[in-house]
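S.K.: build me a model from this:
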Amino acid sequence: MYEPRTFMDRFFLVIKGLCMGGANKVPGVSGGIVAFVGGFYEEFIYSLQKINGKSFKLLFSGRFKSFYRYVNGRFLSLLIFGMLVSYFSVSKVLDYFLEQKELFVWAAFFGMVLGSIYYISKDFEHWNKRTIPAGIIGLIVGISISFLNPARENDNLIFIFFCGIISVSGMTLPGLSGSFILILLGNYVLLLVDSVNALYDTAAEMLRGDFSFVKNTARLATLKILVVFTLGSATGLVTLSHLLGYVLKHYRHITTAVIIGFITGSLGVVWPWKRTIFQVDENGNALLDSNGKEIIVNYERYLPDFGNSETWWAFFFVVVGICVLLVLDWYGKNRK
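M.R.: As a prediction, the model looks like this:
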């Protein structure tokens, strides 16, 4: 069990949480990749597995220190703190740059995914008659998901809880983007933009002593959705960690092969050169969801124009993304 003892250990653990939270916010990128490359993926899964019947027994019997130690509390609390902070800092910055410099953002993340494929596969020497088919299956599933069409937004609370369970897969399964899954389910804007902004605005108002939001029915409804989504995410995080712990223990090489294939197949999701296709009516006007946002249908991918200077800048950011993964790789090897 990893115990962050020094200030720098704790600081870098928070930074890792920031990176995981930021990655989970971007469609096509998985926070699980950050954990895998950062060298703390198995520790993360192991710690989540400790949230079980024994831990709740310790908690409800008042043995809080024993509970904290049992669940690897310092590790989890610092990592989750970083994730939460990212939703009000890194995520806000990403939202801005996705609007202003979308091509460069996608290029950087495309580079990060390329780097993660190199990182995970470079030391994998277990390709055989079992792992090769597993890798091909992962590749096919990854490619297939990238071409699915998104559903309409749905604010039914049972469905929201289900979205929470599914979306957290990005933290526990490297290569599976929880935010992209939310786009396919039609609830990305509602759950990762509108709900987070509602919480941010509410917190800011409360700090100013303004509690007028209690009369804002739309705000309260959005906050209720966020609470249900959070409960679903917590449920998914714990249940998936137990499943993954078992799989990693008994089928490590096959699991790694599937992850390599899946991440490779997901490159289509983060391909930088693409246009967003919105749903339109019979007159060609973009349709809006209940929050006034244009409804995304899919993305139209195209080849880069090498006569455009932006294309070369995009390639620069692809290299930057690869370098970020190489730095994480270096840190993972030298952190001790």
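S.K.: which ones are touching V34?
M.R.: By Cβ atoms under 8 Å, 6 or more residues apart in numbering, the residues touching V34 are 16, 19-20, 23, 328. From N, CA and C alone the C-beta is placed, and that goes for glycine too.
S.K.: by mean pLDDT, which helix or strand of this protein comes out lowest?
M.R.: Ranked by mean pLDDT, DSSP states H and E, the helix or strand of the chain with the weakest confidence is strand 296-301, at a mean of 68.
S.K.: need the strands for the chain, in chain order.
M.R.: Using DSSP state E, the strands of the chain run over 274-278, 296-301.
S.K.: what ranges do the helices span in the stretch 201-336 of the chain?
M.R.: 217-250, 252-265, 309-334 (DSSP state H, counting those that start in this stretch).
S.K.: what angle separates the first one from helix 252-265?
M.R.: With axes from the mean of the first three to the mean of the last three Cα atoms, to 10 degrees defining the directions, helix 217-250 sits at 140 degrees from helix 252-265.
S.K.: helices or strands up against helix 217-250?
M.R.: Other elements packing on helix 217-250 under the criterion 3 or more Cβ pairs under 8 Å, 6 or more residues apart in numbering; DSSP states H and E are helix 41-49, helix 157-167, helix 169-172, helix 195-207.
S.K.: rebuild these as JSON lines, extending it with distance to Y188 and mean neighbour count.
M.R.: Converted to JSON lines, the helices and strands packed on helix 217-250 look like this (distance: least, Cβ to Cβ, whole Å; neighbours: other Cβ atoms under 10 Å):
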{"stretch": "helix 41-49", "distance to Y188": "24", "mean neighbour count": "20"}
{"stretch": "helix 157-167", "distance to Y188": "9", "mean neighbour count": "19"}
{"stretch": "helix 169-172", "distance to Y188": "12", "mean neighbour count": "26"}
{"stretch": "helix 195-207", "distance to Y188": "11", "mean neighbour count": "15"}
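S.K.: who wins for proximity to W273 among those?
M.R.: With Cβ to Cβ as the criterion, W273 lies closest to helix 169-172 of these, at 23.4 Å.
S.K.: export that closest one as PDB, just CAs?
M.R.: Backbone C-alpha positions of helix 169-172 (Å, rounded to 0.1, in the frame of the first residue of the first chain) are rendered in PDB as follows:
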ATOM      1  CA  SER A 169     -15.800   3.900 -16.100                       C
ATOM      2  CA  GLY A 170     -13.300   6.500 -17.400                       C
ATOM      3  CA  MET A 171     -11.600   6.500 -14.100                       C
ATOM      4  CA  THR A 172     -11.400   2.700 -13.700                       C
END
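S.K.: which residues touch it?
M.R.: By Cβ under 8 Å, 6+ apart, helix 169-172 touches 20, 23-24, 29-32, 35, 44-45, 48, 176-179, 181, 236-237, 240-241, 244.
S.K.: let's go with 7 Å and repeat that
M.R.: Applying Cβ atoms under 7 Å, 6 or more residues apart in numbering, the contact partners of helix 169-172 are 20, 24, 30-32, 45, 176-179, 181, 237, 240-241, 244.
S.K.: now list the buried members of those residues.
M.R.: 20, 24, 30-32, 45, 176-179, 181, 237, 240-241, 244 (16 or more other Cβ atoms under 10 Å).
S.K.: may I ask which of those comes out lowest in pLDDT?
M.R.: Lowest in pLDDT among these is L176, which has 68.
S.K.: residue contacts, K16?
M.R.: Contacts for K16 (Cβ under 7 Å, 6+ apart) come out as 34, 38, 40, 79, 82.
S.K.: so what's the nearest residue to the fourth one once chain neighbours are set aside scoring on pLDDT?
M.R.: Read it as L79. Nearest residue to L79 in three dimensions, chain neighbours excluded: G17, at 4.4 Å (Cβ to Cβ, 6 or more residues apart in numbering). pLDDT for G17: 85.
S.K.: which stretches of the stretch 151-300 of the chain have low pLDDT?
M.R.: Applying pLDDT under 70 to the stretch 151-300 of the chain flags residues 151, 170, 174-176, 279, 281, 287-299.
S.K.: quick one: E42 and D123, what's the gap?
M.R.: 15 Å (Cβ to Cβ, to the nearest Å).
S.K.: who's in contact with F81?
M.R.: Each residue near F81 by Cβ under 7 Å, 6+ apart is listed here: 14, 17.
S.K.: count the neighbours of K50 for me.
M.R.: K50 is flanked by 19 other residues according to other Cβ atoms under 10 Å.
S.K.: nearest spatial neighbour of it, skipping sequence neighbours?
M.R.: V71 is the one closest to K50 (Cβ to Cβ, 6+ apart), at 4.4 Å.
S.K.: I'd assumed I45 was in contact with L244.
M.R.: Yes: the pair L244 / I45 is scored as a contact, 5.3 Å apart, by Cβ atoms under 7 Å.
S.K.: quick check, distance from stretch 218-238 to the centre of its chain.
M.R.: The chain centre lies 16 Å from the centre of stretch 218-238; the measure is Cα atoms, centre = their mean, to the nearest Å.
S.K.: so, if you compare the buried ones among the contacts of helix 169-172, which one comes nearest to N285?
M.R.: S179 (27.0 Å).
S.K.: wouldn't the closest one be in contact with V193 here?
M.R.: No: counting by Cβ under 7 Å, S179 stays clear of V193, with 10.2 Å between them.
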